[in-house]
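1. next come a sequence and a model predicted from it.
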Amino acid sequence: MASMIPYSNFDRMLHSWPFDAADDFFAPLARVTSDAGFKMDVEDTGDAYVVSAELPGVTKDQIDVELNEGRLSISVDKKESDEEKNKNYLQKETSEWQATRGVYLKDAAREGLSAKLEGGVLKVNVPKVQKQSNVTKVVID
């Protein structure tokens, strides 16, 4: 069983014979770029921002969300459990990874933030600060 080759890899070997050395050379680079981040959408709903991040297979304990001077940062540190490390995989395409994404929200409020992880999607609701007038009317005596 340990010498089993998944069909997709076997098919790749047959159809890309002259180029397999180059593919093997660049494979680690492709793996790093694909796991380097996660998809994130930012929606302006008028009175708040809704930030959605796709984080399949990640638990809420592996996520850190911060708002610092208008910059919302989402950091993920996905690690394998000891139970997964002790398994004898024939093929393993999941891995440990870390990523941080951020977005600047110029009028983000510090109070009333909420976040919910459901179905592999993290949704962060960031209320906007009520606009205050920077103009002060001065009465002339």
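-> Now that the structure is in, tell me what you want to look at. In this text, all values refer to a predicted model and were calculated from it rather than measured experimentally. Residues are numbered from 1 along each chain as shown.
2. least confident secondary structure element in the chain?
-> Lowest on mean pLDDT, DSSP states H and E among the helices and strands of the chain sits helix 20-35, with a mean of 52.
3. all helices of the protein, in order?
-> Here the chain has its helices, by DSSP state H, at 7-15, 20-35, 82-85.
4. OK, contacts around the most centrally placed residue in the chain?
-> The centroid of the chain falls nearest to Phe38 when counting by C-alpha atoms, centre = their mean (3.2 Å). Applying C-beta atoms under 8 Å, 6 or more residues apart in numbering, one finds that Phe38 lies in contact with Ala53, Glu54, Leu55, Val76, Ala99, Arg101. Glycine gets a C-beta too; all of them are placed from N, C-alpha and C.
5. in the sheet, who's paired with the fifth one?
-> So that's Ala99. Val76 (DSSP bridges).
6. so how far is Asn125 from it?
-> 21 Å (C-beta to C-beta, to the nearest Å).
7. equivalent analysis for the first one, please.
-> Distance, Ala53 to Asn125, by C-beta to C-beta: 13 Å.
8. those two: which has the busier surroundings?
-> Ala53 (24 against 14; other C-beta atoms under 10 Å).
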